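Asker: curious how this folds, go ahead:
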Amino acid sequence: MADGTHRSQRMERVDCAVITVSDTRTEENDESGALIRERLTSQGHVVTAHMIIPDDANRVGAAVEAYCADRTTQAVLLTGGTGLSPRDSTYEAIAGLLDKTLDGFGELFRMLSYEEVGAAAMLSRAVAGVRQGTVVFALPGSVAAVRLAMDKLVLSELGHIAALLRDPS
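Answerer: Predicted structure coming up:
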């Protein structure tokens, strides 16, 4: 749209599910999941669900599938399980589920992360895409990485992405 209306399309409220993927986090010590929820609600979005599940590809994939199949969920944000350790399985759980990938998200996240942590940024397998009309973001588990992703990438485009994916019927 040459007139600029495309970029102006955005939803002020996006209904989001938040999944913390961890073998060790609990409600009491899940700082990254809490930060995602706080950032979303502070921008007017609604957290409709939150869960902590073990780092198991089958369970992670099933949870993402369930939220994406629920037409009231417009975004799924995961934290944890994006590294290289043998237990990290978030990438494997969701990469094959995505109908479309947002390659730029991972690229930009690693570029911004490089400015903070140097070459270790290449170890992140942060990924985003769309499944059944729902945007899915998989963020690393560290609080600093979540803050970076939410503040520099996710929140600035979440309403725009949700508007683009909205079913016109």
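Asker: quick one: residues in contact with stretch 157-165.
Answerer: Stretch 157-165 has contacts (C-beta atoms under 8 Å, 6 or more residues apart in numbering) with 7, 9-12, 14, 43, 45, 74-75, 130, 133-135. No exception for glycine: its C-beta is placed from N, CA and C like everyone else's.
Asker: tell me the contacts of Ala75?
Answerer: By C-beta under 8 Å, 6+ apart, the residues touching Ala75 are 14-17, 45, 134-137, 158, 161-162.
Asker: ok, of those, which one's closest to Arg125?
Answerer: Nearest to Arg125 out of the contacts of Ala75 is Phe137 (C-beta to C-beta; 12.6 Å).
Asker: quick check: beta-bridge partners of the closest one?
Answerer: Per DSSP bridges, residues listed as beta-bridge partners of Phe137: Leu77, Ala128.
Asker: that one and Ala128 touch, don't they?
Answerer: Yes. Judged on C-beta atoms under 8 Å, Phe137 makes contact with Ala128 at a distance of 4.6 Å.
Asker: now, which of the contacts of Ala75 sits nearest Thr101?
Answerer: Nearest to Thr101 out of those is Val136 (C-beta to C-beta; 9.7 Å).
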